[in-house]
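Peer 1: Predicted structure and sequence below. I'll ask about it afterward.
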Amino acid sequence: MEKHCTDSRVKGVSTGTTILAAIFDGGVVIGSDSRASMGGEYVSSKTINKVIQVHDRIFCCMAGSLADAQAVIKAAKFHLSFHSVQMESPPQVIAAASVLKDLCYKNKDELQAGFLTAGWDKKNGPQVYVVSLGGMLISQQVTIGGSGSTYIYGYVDAKYKPNMTKEECLQFATNALALAMGRDNVSGGVAHLVVITEKGVEHVVVPGDKLPRFHDE
Amino acid sequence: MFEETGPVWLSEEVKTGTTIIAIEFDGGVVLGSDSRVSAGASVVNRVMNKLSPLHDKIYCALSGSAADAQTIAEIVNYQLDVHSIEIGEDPQVRSAATLVRNISYKYKEELSAHLIVAGWDRRDGGQVFATLKGLLTRQPFAVGGSGSSYVYGFVDAEYHKGMRKEECQQFVVNTLSLAMNRDGSSGGVAYIVTIDEHGTEEKVVLGNQLPTFFDQ
């Protein structure tokens, strides 16, 4: 594993991004950076929001080909709202993740998109799911993705603790994103974070100058 | 069809896909490495010490192609011996790093090895030099090898100036453990070398003694 591809040039779109989701005591935090770059040389947007709402208490972050991811999410949103009407109740987080997984698995030859899904539902509380490129669906307590995630595996392994408080988890997520943005040249901008709990949804945006600084900055 | 080609790993290049780290503290340096040597998907040596002495108080950490890295270390070891006889005293860390850099730069197309040089000398105390691809730069700490990508975030967050020797040793062990858990090319045991004005101390931390972190 000496050589690993950290971005996907196959479809001409870079996965230049850092995304993260983590469960804390009572809710979940999902976040991403805000940079869109073309070929690693030009920043086409400094403030793009990569955290998409698919239902009241369910959010997704996308990785891989942005075009594929957007198309899949559009289809998933429709499926999910239809499902929610049929069930006469808000959808479970795993339902949202399964819809994404079905689309990714059944079209695995054409698509190149992966997702982090995070949310809260009444039955199972806060949950985080990962749908990988080929259509595998797993549930995790904390997960990271995108090209910038390589640099923070060690940090996340060392610093994540189950059952943190909301403030601790927000600080952990902000630190992790800031560290990844500091090392990955195709991640950057502001940190978009969304906190989902039983009570509701809270958006937190941390602008570049308010991001935590570490020893060499 | 029935020819004897032998095991797959014999035809793969041997790499020390690895994690190496060196950090400076007030009065010396600490170097650390994992112990895995891989040839393709096989581990051909699970207990290799990648911290190689260049002189009494100067060590280097090897990464990249095992053959290239070992050869550079041996050549520089010889050149330093000659140099220290010529000047009549212990060589400076900067001199050792410069010798490594000269080889890395001159043969940069043919070689694929990265050595981190660290040690203690009377003039400047503990020093760490990175020599990646032929550059020479002194840094408070340096990480290298395939496993280093996974721990950049951790070392950026945890390093601070003014760490004492024991803190540095713990920092090195933690970093190696995290990297070995995530990098398929790093693993085995952790070798730690501490160099200060009093001498050089080599230590091994076995696999089951390494610190553990959050595992899903």
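Peer 2: Received the coordinates, thanks.

Peer 1: Can you show me the CA trace of stretch B:200-209 as CSV?
Peer 2: Presented in CSV, the C-alpha positions along stretch B:200-209 are these (Å, rounded to 0.1, in the frame of the first residue of the first chain):
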residue,chain,number,x,y,z
THR,B,200,22.3,6.8,23.0
GLU,B,201,19.5,4.7,24.3
GLU,B,202,17.8,2.1,22.1
LYS,B,203,14.4,0.7,23.1
VAL,B,204,11.8,-1.7,21.6
VAL,B,205,8.1,-1.4,22.4
LEU,B,206,6.5,-4.8,21.5
GLY,B,207,3.2,-5.0,19.6
ASN,B,208,1.1,-5.8,22.6
GLN,B,209,2.6,-3.0,24.7
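
Peer 1: Can you point out the buried residues in it?
Peer 2: Neighbour-count burial for stretch B:200-209, with 16 or more other CB atoms under 10 Å in any protein chain shown as criterion, is recorded at B:200, B:205. C-beta here means a position set from N, CA and C on the backbone, and glycine is covered the same way.

Peer 1: average pLDDT across that stretch?
Peer 2: In this model, stretch B:200-209 has an average pLDDT of 94.

Peer 1: what does stretch B:55-68 give?
Peer 2: 94.

Peer 1: Can you list the buried residues in it?
Peer 2: Under the neighbour-count criterion of 16+ other CB under 10 Å, stretch B:55-68 has B:55, B:57, B:58, B:59, B:60, B:61, B:62, B:63, B:64, B:65, B:66, B:68 buried.

Peer 1: Now the terminal residues of it, how far apart.
Peer 2: Across stretch B:55-68, the terminal residues are separated by 19 Å (CA to CA, to the nearest Å).

Peer 1: And stretch A:127-138, by the same measure?
Peer 2: Note: stretch A:127-138 ends 11 Å apart using CA to CA.

Peer 1: Need the contact partners of it.
Peer 2: Defining contact as CB atoms under 8 Å, 6 or more residues apart in numbering or on different chains, one finds that stretch A:127-138 is touched by A:21-23, A:28, A:30, A:64, A:93-94, A:97-98, A:100-102, A:104-106, A:108, A:112-121, A:139-143, A:145.

Peer 1: Kindly recompute the last result at 6 Å.
Peer 2: Contact with stretch A:127-138 is made by A:21, A:23, A:28, A:93, A:97, A:100-101, A:104-105, A:108, A:114-118, A:139-140, A:143, as judged by CB atoms under 6 Å, 6 or more residues apart in numbering or on different chains.

Peer 1: Next step: these restricted to strands.
Peer 2: Members of those lying in strands (criterion: DSSP state E): A:21, A:23, A:28, A:114, A:115, A:116, A:117, A:118, A:139, A:143.

Peer 1: In contact with the fourth one: list those residues for me.
Peer 2: Same thing as residue A:114. Residue A:114 neighbours (CB under 6 Å, 6+ apart): A:63, A:64, A:131, A:132, A:133.

Peer 1: and what of the fifth one?
Peer 2: Residues near residue A:115 by CB under 6 Å, 6+ apart: A:60, A:62, A:100, A:131.

Peer 1: 10 Å - rerun?
Peer 2: Contact partners of residue A:115, counting by CB atoms under 10 Å, 6 or more residues apart in numbering or on different chains, are A:19, A:52, A:54, A:60-64, A:69, A:72-73, A:76, A:96-97, A:100-101, A:103-104, A:129-133, A:137, A:145.

Peer 1: Could you tell me which of those count as buried?
Peer 2: Here, 16+ other CB under 10 Å leaves A:19, A:52, A:54, A:60-64, A:69, A:72-73, A:76, A:96-97, A:100-101, A:103-104, A:129-133, A:137, A:145 buried among those.

Peer 1: In helices, which of those appear?
Peer 2: The members of the buried ones among the contacts of residue A:115 that map onto helices under DSSP state H are A:69, A:72, A:73, A:76, A:96, A:97, A:100, A:101, A:103, A:104.
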